[in-house]
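> Provided below for reference: sequence and predicted model.
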Amino acid sequence: MYGLKEGEPLYPWLWPAPEGGMIGKRRVPRVDGYEKASGSAVYTRDIYRPGMLYAKFLRSPHAHAKIKRLDTSKAEALQGVRAVLRYDDPGIQWPKLSGQALVSDTNHWYEGMVGAVVVGESEAIVDRALRLIELEMEELPVILDVEEALKPDAPIMRPDVDPKSNHRPRFGPYFKYGDIEKGFAEADKVIEWKAITEHDVWAGVEAHVGVAECRGDYLDVWHHGQNWLTMMTGLRPYSPLNKIHLYLPYNGAFFGGSSLIASHHTAEVAVIAARRTGCPVKVLDDESHFVGGDEDARSRYYFKVGFKLDGRITAVQLRCYEAWVTETTTNKIYKGTSIPNIYITCDSAAYTKPFDQCFKHGCSTVRVTTQVWEHVAGELGMDPSKIAQINDGVEGHDMAYVNEHVKKPQGFDTARDSCKEVNELGKKIMEWDKKWHLPGTKILPNGKYHGMGYVSTVEWAHTVGTGGMGIRVNADGSVDLLATQCDGGWAGQTAYSQIAADEMGVSFEDIRLRPFEGRDGFVTEPGGGSQGLSGSSLTTVRASRKMKQLILEKVTQPTPLRRTLGNLMPSRPAFFPNKKPEELDMKDSVIFEKAHPENKKTLAQIAGALTYYLFVWDYTMAHTGRGGVEHEYGMVRQAHFVEIEVDPDTGGIEILKQVSVNDGGKVINPDAFNGQQYGGAYMGLSRSTKETLYFDPKTGLALNDNLIGYPVNVMNDVASIDCAIVETGLGYAPYGSCGVGEDGGACNHTIMPTAVYNAIGKYVDSEPVTPDKILKALGKA
Amino acid sequence: MKTVKKFTRVNAKTVEEAVSALRAANAWAMAGGTDLVGTMRFEILPDTMYPKILVNLKTIAPTLDYIKEEKGMLQIGALTRLEDIAKSSVVKSKWAALSEAAHKTASPHIREMGTLGGNICQLTRCWYFRLHDNRFFCVRKGGKTCFAISGENRYHSIFGGVSACMAVNPSDTAPALVALNAKIVTSKRTINAEEFWAVKIPRSTVLENDEIVKEVQIPGPASGVKSAFVKFALRSSIDFPIVNCAAAIGGGTARICLNAVYNRPYRATKAEESIAGKAIDVASAHAAGAAAVTGAIALAMNKWKIQVAAGMVKKAILACA
Ligand SMILES: Cc1cc2nc3c(=O)[nH]c(=O)nc-3n(C[C@H](O)[C@H](O)[C@H](O)COP(=O)(O)OP(=O)(O)OC[C@H]3O[C@@H](n4cnc5c(N)ncnc54)[C@H](O)[C@@H]3O)c2cc1C
């Protein structure tokens, strides 16, 4: 189905990766390396257009309030102010994404919401104008807790949406598999507990920004985001799409949810402001780190779990507020275990939570498995990695079933056991078997508790993705991969070039991913970091193979007489006369006869004559029953381990060592892969131990919404991180590969409760696990 | 982040010039600017207090940037950067608590800009006081309410309030100066370190508006006295202290000072009494830690800090062994 030639294996995961080339090689120079390291890389913030104006938001100063009076006249009158766009401007259709408004669509305002956009000639002028806006508001009730909002006597928060109730169903309100009651009946033991998360935000490095310039109907937009296609679609109201040029410059610190949802608003407001003023406009949303909530933030999880005394889990019931854990494809406890009976419900409410802009739902679904392993292991006095192994499986089936019914028919290697392999390797590096102990039983000579934490789950992006790519050979033999640029941190530009180099037989140095204004045919790297490479490598392989085939065909044929720019180009004989394409090969940009390798021509030598012909494109759609198989199963695993010390005097946690092992199936660029692991571990551990916004209980205002008060881990907050790679070939992308982005960040977010439990022998199932909570659990506060 | 409102800068050439410039309304002394510029950018103060004139002390000659030991006394100019103090072999040799405190302050970048004078004069980090755009007009700004009392007070005072303010003093060097019995020499007078801090609107010291710190003087340690500084923060690399503690112990005496637990550095006299003259071991240090917090009063969310304070006293004492 995906293969191009007769006899080629049907499925891309069965295609062997070319050997001895760039794929899997270390120290491959990153295509974007020089630009980024030297500071010359252009980010959206670096875009300047002649005559460009600046725009900033007037945000709600209250967590929940109504506008009584908004007087923008003084701001409008300030010299250098070009426009004040108000929430109630009848001429503006403010953008909405996922049903959420950035700019308030009523006089009802939440913290983070925008009531006006000021556009002026400089940032300083805009700031001055913002200070001149007079705003009178009526403060409305504040409810900071989702469960409080659902109480029958709670004040109604959004009567305009629902005058009777604060209840809001999450989309996908429940997930059911098996028979939960039967599962409990079969259990030897049933336990219940509650876990919570506080309010973490993305607090990235580059705040949102968007630039727009109108030239009549034509529109140029510079978007701080990863996903070309969804942004393009979002621009539909503003111009015919074939008149829009959408550029995605480099991104500094990002993730899919933020890119998909939050940053779009900024670019759209830039378009609205540019249309209104007739000038290019840069919208700076400097507060975006902190006003954007995460749907996982302030979640509540009520667990009820049944299990056998040997560690086999028979039932998982979960009642969830806020966290979105019911969606089938991201539901880790279903996707990556043999647990036969699962029932999860998900609910939400209208309450005082800053603009719920993005999702990092990886964290919430991993939290379910982490919590279940931890508590069942705790109850049985077992090592949680053993519980993970015992319950390993796929969609309710154990691995014996998966071997027989999935791996075999789909051609995967049944001898490979990803869970076992990541666990064994991780434990070896961590010296887990030597270090792990029963909870609360090891006090070190320095008086501190010693703890070992563990999380394991299925990898995210194990699926075949949809994408498109064009390839062109230039007259000098250099090669362009024509695709949208999407800077997601997984070194996509480099990794695609590695694949293309090996598949075409072109030297890596001759290839460049040329950010191409892509439409359907040329959109690579969709989604976010979690899906990027595995999603688009299929089309890269196919396009590269097509190009190689085309080159080998063209060099065996004479080039006919042709006319270019009015000149008559003479016909010329074939470069390899009387040869068939299959008698030739290409390596390192040299085409040669297999039987007589001395008969050769460089790509540069033939490209001048053939460049008009050497263009291919490929578009590969991930079919329903994706990959040509009925269903894709999550068979690749990751495991993360952490060793900590807990100070009983302060409740402080010191992270001594962290180990991440990811099964990448087949890893294209191991350095970039490690980069995702390292970054994920730092970010995840940061959220697990420190990051939370604190709110004033009366006003509901966030109190630490800046990078001094909101502590994001820096390098020396984790003593050492060891990253290791397993390659089982059990992913569905070409060569059996799968992605790694998002995984480490989400998993390590959930790990600290397990380590702290192992250290002090008491559960602290509230993230982040801060010193106050530990001291409380120890009975010292 | 907003652009800073317009202000005037005065490059003072002498201490007298600085003092005279500071007499103008809304004039503030500026050293490294690492604290002051932040307050301006975030617009935390009401207009009546917002810095409109910045009096640059770095241009004063002869410079107030020096570290010297004279007749056994350590003299540090107010404009000396924290990093220079942390690295100074003179400071390290006899005044370990200050060396360590300077080293543990903020991040390398901030220590390269921030000065000792600025560190001891910095405004409180109470998040109600610091919230951008003067969202909370609290007692420290001339308002009537300390919003922390019934609000988010996990990091606030465990020894009650002063003038109804529950904020804490965030300085790392301050407790070291108190433990080391330092004197602060200003343009007007010489003040015992212990008496230097106060609850003012909005400042944190007893200084008049037209008074600047010129020098910090620390006597040489008596024989047998060892000093140490310990700090507990979420991120050891940059964060303000949750609680810190400096101690100078030996020869039958003990001076122990906690910070970030009260409006001013808090001299833990009960701990001093408990440990002075005793052999230092885990049990005696623990007992002194417990003694240090006997008068503590928890707010709704900060009971844990009492435990941390006791723990930090214990650690500071053990570090003096
Ligand atoms: C991210 C961050 C982290 C930090 N972490 C810590 C920490 O862990 N521990 C800690 O102790 N501090 C910390 N700080 C505070 C930092 O140490 C201070 O900002 C710095 O020491 C102030 O010195 P400065 O020279 O920059 O002062 P400035 O910002 O110039 O001035 C600060 C204040 O002191 C006044 N002032 C300055 N010099 C004098 C003088 N000679 N006489 C009278 N008044 C004067 C100014 O008017 C102003 O009010 C941190 C700051 C930041 C931004």
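Good, I have the coordinates.
> state the mean pLDDT of the longest helix seen in chain B.
Counting residues, the longest helix in chain B under DSSP state H turns out to be helix B:303-319. Along helix B:303-319, the predicted local confidence has a mean pLDDT of 98.
> can you tell me if it touches chain A.
Yes: contact of helix B:303-319 with chain A (Cβ under 8 Å from any Cβ of the partner chain) involves B:303-308, B:310-312, B:314-315. C-beta: built from backbone N, CA, C; applies to glycine.
> now for that helix, which elements pack on it?
helix A:771-777, strand B:226-232, strand B:243-250, strand B:253-259, helix B:269-275, helix B:282-292 (3 or more Cβ pairs under 8 Å, 6 or more residues apart in numbering or on different chains; DSSP states H and E).
> report the buried residues of the longest one.
Within helix B:282-292, the residues that qualify as buried by neighbour count (16 or more other Cβ atoms under 10 Å in any protein chain shown) are B:284-292.
> same list (those residues) but as CSV, adding distance to residue B:134.
Rendered in CSV, the data for the buried residues of helix B:282-292 read as follows (distance: Cβ to Cβ, whole Å):
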residue, distance to residue B:134
B:284, 47
B:285, 43
B:286, 44
B:287, 45
B:288, 41
B:289, 38
B:290, 40
B:291, 40
B:292, 35
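> show me which pair in those residues is furthest apart.
Checking the buried residues of helix B:282-292 against each other with Cβ to Cβ, the farthest-apart pair comes out as B:284 and B:292, at 12.7 Å.
> show me what from chain A comes close to the ligand.
For chain A, the residues found near the ligand under the criterion Cβ under 6 Å from any ligand atom are residue A:708.
> please, where are all the strands along the stretch 451-600 of chain A?
For the stretch 451-600 of chain A, strands defined by DSSP state E, counting those that start in this stretch occupy the ranges A:467-473, A:479-483, A:511-515, A:562-564, A:567-569, A:584-587, A:590-593, A:600-602.
> of those, flag the one that's most buried.
Mean neighbours per residue, mean count of other Cβ atoms under 10 Å in any protein chain shown, is largest over the strands of the stretch 451-600 of chain A for strand A:467-473, with a mean of 26.
> strands paired with that one, and their directions?
The pairing partners recorded for strand A:467-473 under DSSP bridges are strand A:479-483 (antiparallel), strand A:615-620 (antiparallel).
> the residue in the stretch 501-650 of chain A that the ligand sits nearest to sits in which helix or strand?
Of all residues in the stretch 501-650 of chain A, the one sitting closest to the ligand is residue A:650 (15.8 Å; Cβ to the nearest ligand atom). Residue A:650 is part of no helix or strand when elements are defined by DSSP states H and E.
> need phi/psi at it.
Phi and psi for residue A:650, reported as degrees, to the nearest 10, are phi -120, psi -20.
> helices of chain B, start to end?
For chain B, helices defined by DSSP H occupy the ranges B:15-21, B:36-41, B:82-87, B:89-94, B:96-104, B:108-113, B:116-121, B:127-130, B:173-179, B:269-275, B:282-292, B:303-319.
> columns distance to residue A:268 on top of the ones you listed, output as a markdown table?
Shown next, in a markdown table, are these (distance: least, Cβ to Cβ, whole Å):
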| stretch | distance to residue A:268 |
| --- | --- |
| helix B:15-21 | 48 |
| helix B:36-41 | 28 |
| helix B:82-87 | 45 |
| helix B:89-94 | 56 |
| helix B:96-104 | 46 |
| helix B:108-113 | 36 |
| helix B:116-121 | 43 |
| helix B:127-130 | 33 |
| helix B:173-179 | 49 |
| helix B:269-275 | 60 |
| helix B:282-292 | 57 |
| helix B:303-319 | 45 |
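> the ligand is nearest to which of these?
In terms of Cβ to the nearest ligand atom, the element of the helices of chain B nearest to the ligand is helix B:116-121, at 2.1 Å.
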